[in-house]
Structure formats: structure tokens, C-alpha cells
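Visitor: Here is a sequence together with a model predicted from it:
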Amino acid sequence: MEELLKVTGLSKHFGGLAAVSGINMEINRGELIGLIGPNGAGKTTFFNLLTGVYEPSEGLIELTVDGKKQQIGGLKPYKITSLGLARTFQNIRLFKSMTVLENVKLAMHKNAGYGVFSALLRTSKYYNAERWIEEKACEYLSEVGLYRKRNELATNLPYGEQRRLEIARALAAQPTILFLDEPAAGMNPQETDELTALIRHLRDKYNLTIVLIEHDMSLVMNLCERIFVLNYGQLIASGTPEEIQNNEFVISAYLGEEV
Amino acid sequence: MAKQVLSKANMIWSGLILALFLIVWVLMGAGIINSYYESTIFTICFNIILAVSLNLIVGICGQFSLGHAGFMAIGAYSAGIVTKMIPNLGGLLLGILIGFAISAIAALIVSIPTLRLRGDYLAIATLGFAEIIRICIQNMKITNGAAGLMGIPKLTTWPLLFFAVVISIVVCTNFVRSAPGRACIAINDDEIAAEAMGVNTTKYKVMAFVIGAILASLAGSLFANYFYVLNPNQFTFNKSIDILVIVVFGGMGSMSASVIAAIAIGLLNMWLQQFTDLRMIIYGAALVLMMIFRPQGILGTWELSIERFLKNRKLKKERA
Ligand SMILES: Nc1ncnc2c1ncn2[C@@H]1O[C@H](COP(=O)(O)OP(=O)(O)OP(=O)(O)O)[C@@H](O)[C@H]1O
Ligand SMILES: [Mg+2]
């Protein structure tokens, strides 16, 4: 097993509030990881630290790129993305003036393969690259079942489809590790089941490592191979779904007695 | 590549553009378009270049710039000074290129520090920048201070100006429909998401700003070599606002809208010329009404597209 991401002593303070404090975590290539915890536990903040939206107050984030470890904490988000991280957003952030297809095309930005001069002069490089981008973008849309809606405005899609478009867009950034922030929020049970199958399929097809935040426990327990539990910014448990379901701390902090 | 360039839509566009060019040229030659109408047409053309280039910055990339007149002034004085020394087309070309270089450098200096910040810093910085340019021009010897330049050779001809307008529009539309253009639109829609998708936001904001500045400088150079005289008062804050009004009226983000609005406002100005004061009131009122009832501009983000027209017609035929 190859270690892909290593987090050491990661903290983020907002004024007096320690939204994330002293988290250590190791993630191996190809794993499907769940991150759970009550509202306000710091899950999204943790994602924001890993993807560069926030700068860590303390701690290290090391990503293995081409066999070498690289510190990515505090880098700009676009640099982190170019090193192989991609994400979706809990509060959907699609590009509202763009169509479904354009949203995905945008995410292929770093691999566009032509510069501004080719664009202005419309060289053959431009046409070839644009054709490739279009084909690839359509492929990602087919994966999430949105190909037929490619020419609609992204914001006209129903909620569940917007979430899947967020996934297609993140895929288009061609990541090695994908972060999904509550991908099933607002979905009905049938959509959630489809999503579970989709996430598993994408992991296998694109050799992804996936970390997802979710409140839907059946999805998490079904899908994830390892689970981390956050509470008040701290990591209170980690382990397989069975271990987590039987962990006393987790039951009292989050899951409740019935589970 | 030849296939894509010689597409049906591109051929129709070229035909229409050539026809428009020839019609106006013939009418000018025949004296049907007299020098009064000619100056209106030329002014409209300058404004088209200024508006599409400002639209690239404000409408496409979402960066509020209030300093477009500053870049226009740089181009105008560069060409004005050079063509007074070398009064031929070579001199004009040199003047234009010098204008490009100075405005690109100035654009970099203004934008790199301010575009890193979010919010309206750019609006304030560009406003200040344009004022600094104007005050420099007012106090420099080479620009002949407040008195301005006179006797600039009239080198801007209809073919030259028309060519410049077409190039400017092509540059802006090609930019918008490319990966860098998509990046700018994404920044305008949601900067955090754009950055998370791998877009170096500062780089693309600066890119749009510099391209816009260079085109404004081009408009300035051609302007200087049409009206004989230049003085710093032609490039005040009001000029920047005039251009912004065209962009906002037409629709932010639509190049066709900027072109149509530049033409419409140009014609209105001609008819309302006697009523200078009234004109400003009408524009002010229209702008306020617009912000209330149609903030996206008259045409919104709609684009004139022959390709779409051909597609729709084909679909209709297939259905019939
Ligand atoms: N930019 C910010 N400034 C100040 N406080 C913040 C900021 N972002 C998050 N917080 C605080 O940090 C804490 C953790 O928030 P976070 O969004 O990470 O929680 P979460 O685990 O994702 O919760 P949820 O399940 O509701 O999405 C919360 O108390 C929140 O109010
Ligand atoms: Mg959250």
C-alpha cells in the first residue's frame, strides 16, 4: 500500500475557535475514506485546508506526487489542483452562466494544452485541443448520466443532478485524489443508491482515491473502507465501518444509541 | 484547420462584413456620407473598439475598471507624437506599437497588485491610474501640456479603421470562446470554484486586463490620427464612464451587445447634439431605469450567432 496523503498536527483557528485541531491522518492510494461528525465538527474546514481555500494555522499536509512527498499546506488552490487534488462543494458552486458542458470543460483547464496566442489566432492546435476537450468532457458527463443535458444551463438542473455535475466537473480536473463534500445531501434514497454505485465505479475506472464527507450513514457504512470521525475539530476515532459502529465515543458523540 | 476556418458561418460573416465595408466606402467616395456623418461613423468605430475591450474586462472577467480612458490616452499620445515626427503609415504603425507597449506595461503595473485582492480595489486603482495618466500628460513637455497636440496628420482612413474594428472584435470573441476565456467567465461566476478547478485567477484577470488595455490604446491611436488635435481633457473620468455606459447598456458579457449599443448611442448622440445638457440627463435617467428594470443590459448575454441561426434552420427543415 502506497501512502498518498499524510496530514500531521493540522489545525485551523478562527479567532478563538479551533475549527480543526491537531489532526493526524494517513490516506493510501486507492482507498475510499469516509469523514463523519456532527454539524460544525470541522469537516468542511478540513477539506478547505487540504484544497488550499484556507491556510493552516499549524501542521503539515504532504502529498505524494510522482513518488515524491511534497508539502502542499498553504499553497494556492489552483496549484494544489494541478498536483492532483479535486473537490466538490457542500454548498454547490457551479458556474451559473455556463452550460453543463462548459462547466466540465472549464475544469479541464490545466490540460487544455494551448495558450492565449493559439486561442486568439485559432491555430490548428486550438481546434484539436478544443475537440479533445469536448470529447473528454462528454465522457465525464456520460459517466454521471448528464450527457443528454449537456446544453442546459447548469443552474437549471434539479438539485441531485447539480451534485452529480459537481462530481463530473471535479473528475475533469483529472485528480488522483477526489474530495466529495456531502455528495448525497438533498438526494432521495434511490438517487443515493445510484450515487453509491457511481462513486465506487469512478474509483475503479479512474484509479481514484476518494475522501467523502457524508451525514447519510447507510451510504458511508456501505461504501467506505475506512472512516474518520471528527468532533469539535478533533479526530475522535478512525477505523473500519464495523469498528466505528461499535465505538463508544462515536456513538455518544454522533451516531446515537440506535445505530 | 482549414475546414473549421472556412465553415459556412465564417463565410457568411466574412461576406456581410465585406459588404458593410464596401457600402460605406462607396458612399463616402460618392460624397453621400458627408464629413459630418463620417465623423459620427468614425466615432462609433472608436467606441466599438473601446466597448468590446472594456467588456472583456468588466463583462467577461467581472473586474470593474474605471480607467479605460487612461489606456486610450496612452495610445492617442503615442501615435500623435510619433506621427508628428514621421507623418506616414509607418509612423502610425510605430506609434500604435509604442502605445501597445506602454499600455501593456501600465496595465501590468496597475493590475498585478490590485487583482490579487478581492472586491472593488481595481475600480479605485484604475480610477486613480487614469487620473495620473491625464495629469502626467498635462504636465509633460513632449505632450505639450494642457494646450495639447495640434496638426497631427490624418492617417486614419476608413479601410484602416474598419480593419481595426474587425480585429478587435475577433480578438475579443476568440478569447471568450477559448480555455483562457472560459477561465475568465468562471472567475466572474465563482472565483473560489474557479480556483479549485485549477484556474490561476490572478493570471487570467491580468490577461484580460492587458488585452483590454492594448485594444483601448489602439482605439486611442486611431482616434488621434483622425481628429488632428489632442488635449488631456478628452481623456477625463467622463470618457471612461461613457465607455462603461455603452457596455452596461448593451449587456455585460455580450460582444454583439457592445457593438450594437455603441452604434445606437453614437446615433443618439448625433441627434441630440444640440441638447448637450439634456443628453446627460437622459443618459443618467436611462441608466437608473436600466439598473432597476433590466440590470443585465438590453441584450443581456445574448450573442448574434450565424452558426446558431444555420443550426436552427436546419432543425426546422428536418422537422418539416
Ligand atoms: N470562515 C470561517 N470563519 C469563522 N468560522 C468558521 C469559518 N468557517 C467555519 N467556521 C466555523 O468552524 C466550525 C466548523 O465548521 P465546518 O463548516 O468545518 O463544519 P462541518 O463539520 O463541515 O459542519 P456541517 O456538517 O454542518 O457541514 C463551525 O463552528 C463554523 O462556524
Ligand atoms: Mg460542512
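Guide: Arrived safely. This is a predicted model, so every value here is computed, not measured. Ligands and ions are numbered 1, 2, ... in the order given.
Visitor: what separates the residue lying closest to A:Arg200 once chain neighbours are set aside from A:Glu31, distance-wise?
Guide: Leaving aside its sequence neighbours, A:Arg200 sits nearest to A:Leu223 (Cβ to Cβ, 6 or more residues apart in numbering or on different chains; 6.5 Å). For the C-beta atoms, the positions are set from N, CA and C on the backbone; glycine is no exception. A:Leu223 is 11 Å from A:Glu31, where distance means Cβ to Cβ, to the nearest Å.
Visitor: and the two? which has more neighbours close in?
Guide: A:Leu223 (22 against 19; other Cβ atoms under 10 Å in any protein chain shown).
Visitor: Just list the residues touching residue 254, thanks.
Guide: In the absence of a named chain, chain A is used. Contact partners of A:Tyr254, counting by Cβ atoms under 8 Å, 6 or more residues apart in numbering or on different chains, are A:Ile36, A:Gly37, A:Pro38, A:Val229, A:Asn231.
Visitor: that's the other chain; I wanted chain B
Guide: B:Ser254 neighbours (Cβ under 8 Å, 6+ apart): B:Asn55, B:Gly59, B:Gly297, B:Leu299, B:Gly300, B:Thr301, B:Trp302, B:Glu303.
Visitor: again with A:Ala173
Guide: Per Cβ under 8 Å, 6+ apart, neighbours of A:Ala173: A:Thr81, A:Ala86, A:Ala107, A:Met108, A:His109, A:Lys110, B:Met197, B:Gly198.
Visitor: Sort out for me which of those are in helices.
Guide: A:Thr81, A:Ala107 (DSSP state H).
Visitor: Ligand 2 next: which of the contacts of A:Ala173 are close?
Guide: Counting by Cβ under 5 Å from the ion, nothing from these sits close to ligand 2.
Visitor: Narrow the contacts of A:Ala173 to those that are buried.
Guide: A:Thr81, A:Ala86, A:Ala107, A:Met108, A:His109, A:Lys110, B:Met197, B:Gly198 (16 or more other Cβ atoms under 10 Å in any protein chain shown).
Visitor: For B:Ile81, state which of these is nearest.
Guide: Nearest to B:Ile81 among these is A:His109, at 41.3 Å by Cβ to Cβ.
Visitor: And the nearest residue to the closest one once chain neighbours are set aside, what's its pLDDT?
Guide: Once flanking residues are discounted, A:His109 sits nearest to B:Gly198: 4.9 Å by Cβ to Cβ, 6+ apart. B:Gly198 carries a pLDDT score of 94 in this model.
Visitor: Closest to ligand 1 out of the contacts of A:Ala173?
Guide: Nearest to ligand 1 among those, counting by Cβ to the nearest ligand atom, is A:Ala86 at 18.3 Å.
Visitor: Now do the same contact list for the closest one.
Guide: A:Ala107, A:Ala170, A:Leu171, A:Ala173, A:Gln174, A:Pro175, A:Ile177, A:Leu178, A:Phe179, B:Ala196, B:Met197.
Visitor: nearest to B:Phe100, of these?
Guide: Ranked by distance to B:Phe100 (Cβ to Cβ), these are led by B:Met197 at 31.7 Å.
Visitor: And the closest one, how far from B:Gly90?
Guide: Applying Cβ to Cβ to B:Met197 and B:Gly90 gives a distance of 46 Å.
Visitor: Where does pLDDT dip in chain A?
Guide: The model of chain A has pLDDT under 70 over residues A:257-259.
Visitor: swap that for chain B, sorry
Guide: B:1-3, B:118-119.
Visitor: And the strands in it?
Guide: Counting by DSSP state E, chain B has no strands at all.
Visitor: what residue lies at the spatial centre of it?
Guide: Nearest to the mean C-alpha position of chain B, counting by Cα atoms, centre = their mean, stands B:Leu50 at 1.9 Å.
Visitor: Please look at B:Ser193 and A:Phe89 and confirm they touch.
Guide: Not quite, residue B:193 is Ala, not Ser. Yes. With contact defined as Cβ atoms under 8 Å, B:Ala193 reaches A:Phe89; the gap is 6.8 Å.
Visitor: buried sites along the helix ranked longest in chain B?
Guide: Of all the segments of type helix in chain B, defined by DSSP H, the longest one is helix B:89-115. Within helix B:89-115, the residues that count as buried by 16+ other Cβ under 10 Å are B:91-96, B:98-100, B:102-104, B:106-107, B:110-111, B:114-115.
Visitor: Quick check: the residue of chain A nearest ligand 2.
Guide: A:Thr44 (3.1 Å; Cβ to the ion).
Visitor: now the residue in the stretch 151-259 of chain A that chain B sits nearest to, nearest residue through space, not along the chain?
Guide: Ranking the residues of the stretch 151-259 of chain A by distance to chain B (Cβ to the nearest Cβ) places A:Ala173 first, at 5.5 Å. Using Cβ to Cβ, 6+ apart and skipping residues adjacent in sequence, the residue nearest A:Ala173 is A:Ala86, 4.1 Å away.
Visitor: do A:Tyr54 as well
Guide: A:Tyr54 sits nearest to A:Asn48 (Cβ to Cβ, 6+ apart), 4.6 Å away.
Visitor: The one you found and ligand 1, how far apart?
Guide: For A:Asn48, the distance to ligand 1 under the criterion Cβ to the nearest ligand atom, to the nearest Å works out to 7 Å.
Visitor: where's that residue, which helix or strand?
Guide: helix A:43-50 (DSSP states H and E).
Visitor: swap in A:Ile27?
Guide: Going by DSSP H and E, A:Ile27 is part of strand A:17-28.
Visitor: Return only those of the contacts of A:Tyr254 found close to ligand 2.
Guide: Answer for the contacts of A:Tyr254 near ligand 2: none qualify (Cβ under 5 Å from the ion).
Visitor: Weed out the non-buried ones from the residues you listed.
Guide: Buried subset of these (neighbour count, 16+ other Cβ under 10 Å): A:Ile36, A:Gly37, A:Val229, A:Asn231.
Visitor: Restrict those residues to those that also contact ligand 1, please.
Guide: The overlap between the buried ones among the contacts of A:Tyr254 and the neighbours of ligand 1 (Cβ under 6 Å from any ligand atom) comes to A:Gly37.
Visitor: what's the closest of the buried ones among the contacts of A:Tyr254 to ligand 1?
Guide: A:Gly37 (5.7 Å).
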